[in-house]
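> Predicted model and sequence below, questions to follow.
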Amino acid sequence: MHIEIDIDTDVCIGAGQCALAAPGVFTQDDDGYSMLLPGSENGVADPMVRQAARSCPVSAITVRDTAG
């Protein structure tokens, strides 16, 4: 199963909880806002990605299952 990860940059407050929960997928830009590491937009489902989405205090991360 693959997943699609989106970060709503208009909602993100730069708390960094996603980068702490799943450092292999998320990082923070120079201003402290969350961003995906290159190649992480579509990947194999990882339980830590879902934990990172749940830990976001403003629910800026969406994780969706995709076919293929």
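Everything's here; your move.
> and the nearest residue in space to Ala67 that is not next to it in sequence, bridged to which residues?
Closest residue to Ala67 apart from its sequence neighbours, by C-beta to C-beta, 6 or more residues apart in numbering: His2 at 7.6 Å. Backbone N, C-alpha and C define where each C-beta goes, glycine included. Applying DSSP bridges to His2 gives these bridge partners: Val44, Thr66.
> and His2, how far is that from Val58?
Separation of His2 from Val58 (C-beta to C-beta, to the nearest Å): 26 Å.
> Now the phi/psi pair for Ser34, please.
phi -70, psi 140 (degrees, to the nearest 10).
> okay, now it: neighbour count?
By other C-beta atoms under 10 Å, 23 other residues sit near Ser34.
> Would you agree it is in contact with Ile5?
No - shown here, Ser34 and Ile5 do not form a contact pair, counting by C-beta atoms under 8 Å, at 10.5 Å.
> Show me the common contact partners of these two, please.
Between them, Ser34 and Ile5 share these contacting residues under C-beta atoms under 8 Å, 6 or more residues apart in numbering: Ile61.
> For the protein, which segments count as strands?
For the chain, the strands defined by DSSP state E occupy 2-7, 26-28, 34-36, 42-44, 61-66.
> Would you convert those strands into a markdown table that also reports distance to Leu20?
Converted to a markdown table, those look like this (distance: least, C-beta to C-beta, whole Å):
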| stretch | distance to Leu20 |
| --- | --- |
| strand 2-7 | 15 |
| strand 26-28 | 9 |
| strand 34-36 | 11 |
| strand 42-44 | 19 |
| strand 61-66 | 13 |
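> Worst mean pLDDT among those?
With a mean of 62, strand 42-44 has the lowest mean pLDDT of the strands of the chain.
> quick one, which of the strands of the chain is nearest to Gln51?
Of all those, strand 61-66 sits nearest to Gln51, with 10.0 Å by C-beta to C-beta.
> Pull the distance from the closest one to the chain's centre.
Chain-centre distance of strand 61-66: 9 Å, with C-alpha atoms, centre = their mean, to the nearest Å.
> So which other helices or strands are in contact with that strand?
When contacts are defined as 3 or more C-beta pairs under 8 Å, 6 or more residues apart in numbering; DSSP states H and E, strand 61-66 packs onto strand 2-7, helix 47-55.
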